[in-house]
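Peer 1: structure here, sequence nowhere to be found:
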């Protein structure tokens, strides 16, 4: 299938967007994580674009997209505006199915919980990227104000000690907030060694990306512009679209507990555990594409409930194939 490239203006930046698949097919928008570019989705695209209109884009600061000058330009609301610009340019007024991996999933929650997107997002598949607000409430618990304590309580029914385990998994987030040192590590060889790191830790063979250092250094602003703010000031964010989690159980960065007990925010949702690592989108694209397609087809055929979620109870499953 031929992939078309286009440039989409999104406020202060121009975004590189990649589209393939039949023009009249349902649209699936794929949002990549850190320190990747849209290229991370190409193996998944190859599994989907015979039946769907598949859209990916380099997020601001990555790949062939522009990088804004200020750290504040990487805040979640700006990232959601980028998604809206891409959807406007490629889907028009038609609803689209949204998929995010890693930081692509984190930033996509902003749109999935923003009433301005209600009716535009037909379904949302989250892979290894929690909503920062939900995760923060799970850590804070009683730290929420009285109006939000009930929601936080219902959204954080997780196994004892899960917060500590996730904090240990998230060591790199604290490191990324250290001034200058992360940039030095990437420049001193981290970018060059990135394919080796993925091969050793994820058993993924990746060609060296000429933009890898740019992706990594610009993308630090994603963490620095958002994490501390959401940790200190989480917001009550309720999803308006049906949600499924694909949960890799061998993810060394995002624990499975972060996708448990979220009915207070999401309503009924789907959750499938798989025996895989964090970069499963590269390692097992057929499995990920199959999971995406099942959820898309379910919500092409089902009428959503009033709150935008699926009209059935939360499903938690362990699957050999996502």
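Peer 2: Arrived safely, thanks for sending. If you're wondering where the values come from, they're calculated on a predicted model, not measured in any experiment.

Peer 1: enumerate every residue touching the closest residue to residue 228 other than its chain neighbours.
Peer 2: Beyond its immediate neighbours in the sequence, the residue positioned closest to residue 228 (CB to CB, 6 or more residues apart in numbering) is residue 177, lying 7.3 Å away. Just so you know, the C-beta spots here come from the backbone N, C-alpha and C atoms, and that holds for glycine as well. Applying CB atoms under 8 Å, 6 or more residues apart in numbering, we find residue 177 in contact with 223, 224, 227, 228.

Peer 1: what is the burial count for residue 68?
Peer 2: Residue 68 has 17 neighbours, counted by other CB atoms under 10 Å.

Peer 1: SS state for it?
Peer 2: coil (DSSP: H, G, I helix; E, B strand; the rest coil).

Peer 1: is it in contact with residue 12, as I believe?
Peer 2: Yes - contact criterion CB atoms under 8 Å: residue 68 and residue 12 qualify, at 5.3 Å.

Peer 1: and the residue nearest to residue 35 when sequence neighbours are not counted, what helix or strand is that in?
Peer 2: Distances taken as CB to CB, 6+ apart place residue 216 nearest to residue 35, at 3.9 Å, with adjacent residues excluded. In this structure, residue 216 sits in helix 212-232 according to DSSP states H and E.

Peer 1: same check on residue 47?
Peer 2: Per DSSP H and E: helix 42-48 holds residue 47.

Peer 1: for that helix, name the packing helices and strands.
Peer 2: strand 27-31, strand 53-57, helix 280-283, helix 285-301 (3 or more CB pairs under 8 Å, 6 or more residues apart in numbering; DSSP states H and E).

Peer 1: counting by contacts, list what the shortest one packs against.
Peer 2: The criterion is 3+ CB pairs under 8 Å, 6+ apart, and the helices and strands that helix 280-283 contacts are helix 42-48, helix 191-202, helix 285-301.

Peer 1: now those helices in CSV, with mean pLDDT and distance to residue 240?
Peer 2: Shown next, in CSV, are the helices and strands packed on helix 280-283 (pLDDT from 0 to 100; distance: least, CB to CB, whole Å):
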stretch, mean pLDDT, distance to residue 240
helix 42-48, 98, 24
helix 191-202, 96, 33
helix 285-301, 95, 13
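
Peer 1: do you know which of those lies nearest residue 27?
Peer 2: Closest of the helices and strands packed on helix 280-283 to residue 27 is helix 285-301, at 9.8 Å (criterion: CB to CB).

Peer 1: quick one: that closest one to strand 53-57, angle?
Peer 2: Calculated by axes from the mean of the first three to the mean of the last three CA atoms, to 10 degrees, helix 285-301 forms an angle of 120 degrees with strand 53-57.

Peer 1: got a list of what residue 129 touches?
Peer 2: Taking CB under 8 Å, 6+ apart as the test, what residue 129 contacts is 33, 100, 101, 102, 103, 104, 105, 106, 107, 108, 109, 254.

Peer 1: 6 Å - rerun?
Peer 2: Contact partners of residue 129, counting by CB atoms under 6 Å, 6 or more residues apart in numbering, are 100, 102, 105, 106.

Peer 1: now do the same for the closest residue to the second one other than its chain neighbours: helix, strand or coil?
Peer 2: When you say that, I think you mean residue 102. If the residues on either side of it in the chain are set aside, residue 102 comes closest to residue 33, at 2.4 Å by CB to CB, 6+ apart. On the three-state scheme (three-state DSSP), residue 33 is labelled coil.

Peer 1: so what's the residue count around residue 33?
Peer 2: A count of nearby residues for residue 33, using other CB under 10 Å, gives 26.

Peer 1: and what of residue 67?
Peer 2: If we define neighbours as other CB under 10 Å, then residue 67 has 16 of them.

Peer 1: do the same with residue 216
Peer 2: By the other CB under 10 Å criterion, the neighbourhood of residue 216 contains 24 residues.

Peer 1: show me the contacts for the residue sitting nearest the centre point of the chain.
Peer 2: Central residue of the chain (CA atoms, centre = their mean): residue 105, 1.0 Å from the mean position. Residues counted as contacts of residue 105 (CB under 6 Å, 6+ apart) are 126, 127, 129.

Peer 1: any idea which of those is closest to residue 20?
Peer 2: residue 127 (20.3 Å).

Peer 1: for that closest one, phi and psi?
Peer 2: Here is the backbone geometry of residue 127 (degrees, to the nearest 10): phi -120, psi 110.

Peer 1: ok, back up a step: for ChimeraX, what selects the buried ones among the contacts of residue 177?
Peer 2: A single ChimeraX command is used to select the members of the contacts of residue 177 judged buried by 16 or more other CB atoms under 10 Å:
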select :223,224,227
